[in-house]
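Engineer: Sequence plus the predicted model coming up.
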Amino acid sequence: MSSCGKKVRKLRLIYTPENGEKREFAFMPAKLMSAEAEAIEDAGGAAWESFEEFGQKFLRGNRRAYRAALWIMLRREQPTLRFADLSLRVDEIEVDFDAAETARLREQVLGDPDMDAEQRAHLLSILDPDADTSDPEVEAL
């Protein structure tokens, strides 16, 4: 999965169903089987046409994209689980990058010459919600 040249190697999907136990999945987009990537493309409906577009939506915090990623992880244990049958509350799923991945993606966002300041600030706020995106270094790029 890439977006604006950024490749996400690994992240954590944290799923905490209301009446269930918290579960964490290591989601590695580049390691998905082709059938899984194609299933994600199909799950997009009108939201995305390709795995690349899924990646862009995912990095922008698109809830359907989060649900599709979780669905693929759950489907490995429950092969008959249909995407339409996975319904969850917004607070039941979180996405977390480890520190090294966050730092690597932050550098890529800061160095992307094709990204405008608004896009850059938005992506940085997703990568590190506590960071000050009004940093002069961010605005100067």
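Structural biologist: Received it, and whenever you're ready, just let me know what you need. Numbering: from 1, shown residues only.
Engineer: Could you tell me the model confidence score at the spatially most central residue of the chain?
Structural biologist: Nearest residue to the geometric centre of the chain (C-alpha atoms, centre = their mean): Phe58, 3.5 Å. With respect to pLDDT, Phe58 scores 88.
Engineer: ok, now which ones touch the closest residue to it other than its chain neighbours?
Structural biologist: Spatial nearest neighbour of Phe58, chain neighbours left out: Ala65 (4.0 Å); criterion: C-beta to C-beta, 6 or more residues apart in numbering. Quick note: C-beta positions are derived from backbone N, CA and C, even for glycine. Residues near Ala65 by C-beta atoms under 8 Å, 6 or more residues apart in numbering: 44, 47-48, 54, 57-58.
Engineer: Now do the contacts for Glu92.
Structural biologist: Residues near Glu92 by C-beta under 8 Å, 6+ apart: 15-18.
Engineer: hmm, back to that, state the distance from the residue nearest to the centre of the chain to Leu86.
Structural biologist: According to C-beta to C-beta, to the nearest Å, Phe58 stands 16 Å off from Leu86.
Engineer: try Glu53
Structural biologist: 20 Å.
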